[in-house]
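Novice: coordinates only, no sequence provided:
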């Protein structure tokens, strides 16, 4: 692949409008940007809106050329769907691709006025996109914001010229830019058919409330959005989650219409690239999306945050969690034994929703830690295992409480697996009181757990078993006088929430699915409270 400092080769291609595009490698008056892409690459589709923004910002000074590695039909379809706002040329025979030799797509080549490559970018990277935008504009320019629903980085796909050759045309790619989709199907049942029995095929498979036209209409009337408006495409089948179809699943789950205020941002959150619900839906691991509700909406809609918080204590918790699971199954298509291949599963796949007990929390609640104000309401998603209880009734100081929790944390995923995991620690109010009394801040709790959660070297001596091949990348420390490998990469891998009843010294740890950019990252989305805008 050509790199910074190399001379950019000259070439000629035909653009989608039929005109010839002659690229000359000699000196030019302004920087130019070549963008190699494939029409069925999700990362390419993710990148296009940012390049559209750059093209608009540069105006007449824009010098961006998209180079499609696919044929005219699929390229034209993508140009219209996105729509792509900069010129696109066809490289169907991959002759220009072979000149520049990108390893992956999208690959961006920023070419200076002297005709030499200044910078390259393979895949999606917000920081690099902003650097390229600034270089082209000649002044600081941000086209990729940090909290816009897209990940900071994402790997691309193999460049077409490096793929194994195959026969036939490409399968049609999901339209990631669709704004409207088909209305939900109407089904007329004969009087001899029990509607509850009929609807079992769309359930989990507990009985559901039949989503009659009238019930669904009452549900979607609670939000000021068109019934056919697409909120998100649900992986892995990328079914269109329209307002109406979200409402239908909410009816089946037993939600009140007011719950649509939470379900709309929750669906957006679960489809955030950072959360990676595609992987969560298809993994053989235990993980299920855990929903955590914060802010005034907890009290307004009756979410439970105290005693029995993980169980059958409140309609709001149970129905919201169940509605999300029905949406993931019915629109995303991840049915157990088909796409959802979890070996043992998780009861959270029926419903997995709690609210934080902010009233018993002496520290900042989760949503404030994530950058929101206390008066905002939010939903947070964490791809987690089932809760693992920690009983510690005898300890009289905060450190001993945390020691008990750290020993439970050592077991998440698998005892000898370190580094690539995260965990949610749900602290009960009684444990929190002890910690606060002893002067622990939230960050101090996190750092203590990080520094005291490790696996002794002696437990790796047999050299076999999961986790043992990767010891070279594990961080080392000394815990209680013994050489250990640290369980987590850094303190941020440990998430903290306060929840549960005020009686009983029981906390819990919840292990994650694969962590980091290649796995699942925790995401928090705002709920638009009535009369309060998030930017206020």
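Specialist: Cool, the structure landed. As the structure is a prediction and not an experimental result, all values here were calculated from the model.
Novice: over to residue 325. Which of the three states is it?
Specialist: Three-state call for residue 325 (DSSP: H, G, I helix; E, B strand; the rest coil): helix.
Novice: you'd agree it is up against residue 349?
Specialist: Yes. Between residue 325 and residue 349 there is a contact at 5.9 Å, judged by Cβ atoms under 8 Å. C-beta coordinates here come from the backbone N, C-alpha and C atoms, glycine included.
Novice: which residues are in contact with each of those two?
Specialist: 204, 288 (Cβ atoms under 8 Å, 6 or more residues apart in numbering).
Novice: following the chain past the lowest-mean-pLDDT helix or strand in the chain, name the next helix or strand.
Specialist: When the helices and strands of the chain are compared on mean pLDDT, DSSP states H and E, strand 153-154 comes out lowest with a mean of 84. Per DSSP states H and E, the first helix or strand lying C-terminal to strand 153-154 is strand 157-158.
Novice: so how far is the strand or helix carrying residue 525 off the chain centroid?
Specialist: Secondary structure assignment for residue 525, by DSSP H and E: strand 523-527. On the basis of Cα atoms, centre = their mean, to the nearest Å, strand 523-527 sits 11 Å off its chain's mean C-alpha point.
Novice: over to stretch 288-301?
Specialist: The answer for stretch 288-301 is 18 Å, by Cα atoms, centre = their mean.
Novice: can you list the buried residues in that stretch?
Specialist: Within stretch 288-301, the residues scored as buried using 16 or more other Cβ atoms under 10 Å are 288, 289, 290, 291, 292, 293, 294, 295, 297, 298, 300, 301.
Novice: what about those, which are in helices?
Specialist: Per DSSP state H, helices hold the following members of those: 297, 298, 300.
Novice: now do the contacts for the last one.
Specialist: When contacts are counted by Cβ under 8 Å, 6+ apart, residue 300 touches residue 258.
Novice: numbering from 544 from now on, please.
Specialist: Okay, residue one is now 544; in that scheme the one you just asked about reads as residue 843.
Novice: per-residue pLDDT, it?
Specialist: Note on residue 843: pLDDT of 96.
Novice: neighbouring strands for the strand holding residue 1068, and are they parallel or not?
Specialist: strand 920-927 (antiparallel) (DSSP bridges).
Novice: state the mean pLDDT of the partner strand.
Specialist: Rounded mean pLDDT across strand 920-927 is 97.
Novice: need the next SSE after it, C-terminal direction.
Specialist: Downstream of strand 920-927 (by DSSP H and E), the next one is strand 931-934.
Novice: for that next one, what is the distance to the chain centroid?
Specialist: On Cα atoms, centre = their mean, the centre of strand 931-934 falls 28 Å from the chain's centre.
Novice: against which helices or strands is it packed?
Specialist: helix 941-952, strand 1049-1054 (3 or more Cβ pairs under 8 Å, 6 or more residues apart in numbering; DSSP states H and E).
Novice: thinking again about what came up before, dump the buried residues of stretch 831-844 to a markdown table, plus distance to residue 906.
Specialist: What follows is those, written out as a markdown table (distance: Cβ to Cβ, whole Å):
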| residue | distance to residue 906 |
| --- | --- |
| 831 | 27 |
| 832 | 25 |
| 833 | 20 |
| 834 | 21 |
| 835 | 15 |
| 836 | 18 |
| 837 | 13 |
| 838 | 16 |
| 840 | 20 |
| 841 | 17 |
| 843 | 23 |
| 844 | 24 |
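Novice: widest-spaced pair of those residues?
Specialist: 831 and 843 (25.7 Å; Cβ to Cβ).
Novice: so where's the stretch 944-1079 of the chain uncertain?
Specialist: Scanning the stretch 944-1079 of the chain for pLDDT under 70 picks out the ranges 1072-1079.
Novice: how many neighbouring residues does residue 880 have?
Specialist: 7 (other Cβ atoms under 10 Å).
Novice: ah, wrong one, I meant residue 948
Specialist: Neighbour tally, residue 948, other Cβ under 10 Å: 24.
Novice: where does the nearest residue to it once chain neighbours are set aside land on pLDDT?
Specialist: Nearest-residue entry for residue 948: residue 933, 5.3 Å, with adjacent residues in sequence omitted and distances by Cβ to Cβ, 6 or more residues apart in numbering. At residue 933, the predicted lDDT confidence score is 97.
Novice: over to the one 5 residues further on?
Specialist: At residue 938 the predicted local confidence, pLDDT, stands at 94.
Novice: run a quick check on it versus residue 944, I expect a contact.
Specialist: Yes. Counting by Cβ under 8 Å, residue 938 does reach residue 944; the two are 4.9 Å apart.
Novice: rewinding a little: what lies in contact with the least confident helix or strand of the chain?
Specialist: With Cβ under 8 Å, 6+ apart, strand 696-697 has contacts from 586, 589, 666, 667, 668, 669, 816, 1060.
Novice: again, but for stretch 1056-1064
Specialist: Contacts for stretch 1056-1064 (Cβ under 8 Å, 6+ apart): 694-698, 817-819, 822-823, 826, 828, 830, 926-927, 963-965, 1036, 1055.
Novice: quick one, which of those residues are buried?
Specialist: Neighbour counting with 16+ other Cβ under 10 Å marks 694, 696-697, 817-819, 822-823, 826, 828, 830, 926-927, 963-965, 1036, 1055 as buried within the contacts of stretch 1056-1064.
Novice: burial of residue 1002, as a residue count?
Specialist: When neighbours are counted by other Cβ under 10 Å, residue 1002 comes out with 15.
Novice: give me the residues contacting the strand holding residue 1068.
Specialist: Contact with strand 1066-1070 is made by 804-805, 808-809, 811-812, 815, 817-818, 838, 840, 909-910, 913-915, 919-924, 1077, as judged by Cβ under 8 Å, 6+ apart.
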